[in-house]
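The sequence isn't on hand, but the structure is:
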């Protein structure tokens, strides 16, 4: 019990957001109440609006406000390339770089025997369907460099073998990265994939 | 640019909350969109409600939904003791412990020559008025153990000298605290205030 019932309930809901715990939720709610006109009301209104309009693209799994997202809708983005990502956050990260001009396919996770996640849970069958439906020539597997991510990449590569060109993101030293701070695996990968100058 | 205009705007507003940056705001918004029925809509509704109803208590500065908060309103809490805190978060922390049964006075900050915060900015005159209006006999200065907090405590003590009993929270080793992790100042304070067993 801290303040009134509504404020307590609001703190409890805020604490369910990733990255916020009970203490930071209290700080956030106090901040919101102090700025109720400038921040809290606009935030509440926008949140209602997005809650009502947001949906997953039926084709690629991206989040937008229409049944088919802007990227899938755009003729320009239909260049025969599909970039497969685990999560919408990864799609957003790719889009921020602005360098990829094809379409995406969001798996919604990785295969995991432990958690009982199979290919049908990850929209992999839909990806296979899209290959012919959208005349795809290259599939870029942009999965995380984790064990589950790489297992999933191998599985998808097996499924699509011979039908399209399969590529994956290069592994190596990140731009601005200092060797001293890199793990052994990254250094090994960067050394193995070394390029002649 | 990540998703649609509304979602981008929502991420931007969420990133203004303390404890969230652009990256964690994106994660939070994705989480909200995934749980739009169970979490996002209730959160938006509650936030609107609190934005409309929350206000500062005209007497003590606590946050509630009435002009005079429940604590100031309660006859039982009028036991002649006022606990002075910097912030509503501190008031909530005191209330969670459940041990203090008097009333509060929220300063809304600390005196600071650097930031140009003077006594009139901190509702110190109102605190002085409350002494006689509420027949206060003891004022507990529960300010943070920072330089600004202690300066403010000294200033208030000067103002109230001779009119009420002035006390402050004890300083020492926190319950469960390990000496090895404590700073020198705390150890010095705990040693100086040592008690006979």
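Sure, I can see it. Since we're looking at a predicted model, the values are computed, not measured.

where are the low-confidence patches of chain A?
Residues of chain A meeting the criterion pLDDT under 70: A:1-3.

For it, which segments count as strands?
A:55-56, A:63-64, A:81-85, A:103-106, A:138-141, A:165-168 (DSSP state E).

Nearest to chain B, out of the ones you listed?
With CB to the nearest CB as the measure, strand A:63-64 is the member of those nearest chain B (5.4 Å). Every residue, glycine included, has its C-beta placed from N, CA and C.

Quick check: which of the strands of chain A is buried the most?
strand A:103-106 (a mean of 25; mean count of other CB atoms under 10 Å in any protein chain shown).

near chain B, anything from it?
No: using CB under 8 Å from any CB of the partner chain, strand A:103-106 stays clear of chain B, with a minimum separation of 11.1 Å.

what packs against that strand?
helix A:70-73, strand A:81-85, helix A:88-97, helix A:124-133 (3 or more CB pairs under 8 Å, 6 or more residues apart in numbering or on different chains; DSSP states H and E).

possible to save the ones you listed as CSV with distance to chain B?
Below are these laid out as CSV (distance: least, CB to the nearest CB, whole Å):
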stretch, distance to chain B
helix A:70-73, 8
strand A:81-85, 13
helix A:88-97, 4
helix A:124-133, 18
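
circling back to that earlier point, mind putting the strands of chain A in TSV, distance to residue A:154 included?
TSV is the format used below for the strands of chain A (distance: least, CB to CB, whole Å):
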stretch	distance to residue A:154
strand A:55-56	26
strand A:63-64	27
strand A:81-85	12
strand A:103-106	16
strand A:138-141	9
strand A:165-168	10
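
The closest residue to residue A:17 other than its chain neighbours: how many residues sit nearby?
Counting by CB to CB, 6 or more residues apart in numbering or on different chains, residue B:28 is the residue found nearest to residue A:17 once chain neighbours are left out, at 4.5 Å. By the measure other CB atoms under 10 Å in any protein chain shown, the count of residues near residue B:28 is 22.

So for residue A:190, what's the nearest residue that isn't a sequence neighbour?
In space, residue A:190 is closest to residue A:172, 4.0 Å off (CB to CB, 6+ apart).

what does residue A:33 give?
The spatial neighbour of residue A:33 that comes closest, neighbours along the chain excluded (CB to CB, 6+ apart), is residue B:54 at 4.7 Å.

any idea how far the one you found is from residue A:5?
12 Å (CB to CB, to the nearest Å).

Of these two, which one has the most company?
Neighbours were counted for residue B:54 and for residue A:5 using other CB under 10 Å; residue B:54 has more, 22 against 9.
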